[in-house]
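Undergrad: Build me a structure from this.
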Amino acid sequence: MRYCSERATPKFFFIHVLQKQWPVFEYLKAQKEKLLPCVLNRDEVLQVLQQVHTFHNYAYLATVYTCGLRLQEALYLQTSDIDAKRMMIHVHRGKGAKDRYVPLPEETLALLRKYWATHRNPVLIFPALGRGHQNASKSKTPMAIDSVQGAFRSAKHKTTINKRRVTIHTLRHSYATHLLEEGVNIRVIQRYLGHTMLETTMVYLHLTQKGQEDAYTIINQTMKGFNHAYRSGHLS
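TA: From the prediction side, this is the model:
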């Protein structure tokens, strides 16, 4: 019945019988809603992390934020990816199979070293811990996604943050926004995030007030003089 009803439509007749294109159907397609990502300020990021009470989850989530990594990029980090001399992380398993280097903050390196010392897995930085956390040193797989996501949700719910759509990926959005607010060039941020297109990174321009605080003052200074320039009788 559905097929018969479709055949009776003007669209079916125009396209399949007359063999012509009808561009109007493209114009009438509903536009997908484009939502800006949620972003936490630095204090809110700290609020969430302070509610994470297991060291492995804390080390993981702190690394996601401080290095701007995607969820799986951080999970699959290996010891060989850490370049302590150059203070960089080599991301081999990025989206689209693209390699990139991201800066490694000093405190993050110290945190990762402290955490690695608890399991000493020769390959993985965030290995699956196993029952009783006894198998981490020999594990061949990273921590489970569900586990870290659950830890993040639990920590967020313990805070007073009422923003919507806050997930682990929000930490990456927050990282990019905070760098932009501190004056890091957007092209540099694009490289750190591994974005192919600059337009993808430019969404963060909509998430920050940086540069807008002084706009009103600048406009006032630039537009001075127009009130006194008017002389009676020049305008009817």
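Undergrad: Below-threshold pLDDT in the protein: ranges please.
TA: Along the chain, the parts satisfying pLDDT under 70 run over 1-34, 93-97, 206-216, 218-219, 222-236.
Undergrad: That one: helices as residue ranges?
TA: 2-7, 10-12, 24-27, 42-50, 55-67, 71-75, 106-116, 145-157, 168-181, 186-193, 198-201, 215-222, 226-229 (DSSP state H).
Undergrad: What lies in contact with stretch 143-153?
TA: 48, 52, 54, 56-57, 60-61, 71-72, 75, 126-129, 167-168 (Cβ atoms under 8 Å, 6 or more residues apart in numbering). From N, CA and C alone the C-beta is placed, and that goes for glycine too.
Undergrad: What subset of the residues you listed is buried?
TA: Buried by 16 or more other Cβ atoms under 10 Å: 48, 52, 56-57, 60-61, 71, 75, 126-129, 168, out of these.
Undergrad: For stretch 178-188, measure first residue to last.
TA: By Cα to Cα, to the nearest Å, the extent of stretch 178-188 from end to end equals 13 Å.
Undergrad: Give me the buried positions along it.
TA: His178, Leu179, Leu180, Glu181.
Undergrad: Kindly report the same for stretch 133-152.
TA: Ala136, Ser139, Pro142, Met143, Ser147, Val148, Ala151, Phe152.
Undergrad: re earlier: just curious, which of the contacts of stretch 143-153 is nearest to Val39?
TA: Thr167 (11.8 Å; Cβ to Cβ).
Undergrad: how near is that closest one to Thr160?
TA: 18 Å (Cβ to Cβ, to the nearest Å).
Undergrad: Repeat that for Pro122.
TA: Taking Cβ to Cβ, one finds Pro122 at 42 Å from Thr160.
Undergrad: got it, and Val203?
TA: Taking Cβ to Cβ, one finds Val203 at 27 Å from Thr160.
Undergrad: So between the two, which is more surrounded?
TA: Val203 (15 against 6; other Cβ atoms under 10 Å).
Undergrad: what sits against the more buried one?
TA: Leu36, Pro37.
Undergrad: Find the nearest non-adjacent residue to Ala155, please.
TA: Gln51 (3.9 Å; Cβ to Cβ, 6 or more residues apart in numbering).
Undergrad: Which one of the helices of the chain lies nearest to Met87?
TA: It is, among the helices of the chain and with distance given as Cβ to Cβ, helix 106-116, at 6.9 Å.
Undergrad: what angle do the closest one and helix 55-67 make?
TA: Orientation note: helix 106-116 sits at an angle of 160 degrees relative to helix 55-67 (axes from the mean of the first three to the mean of the last three Cα atoms, to 10 degrees).
Undergrad: Quick one: list the elements packing against helix 106-116.
TA: Judged by 3 or more Cβ pairs under 8 Å, 6 or more residues apart in numbering; DSSP states H and E, helix 106-116 is in contact with helix 55-67.
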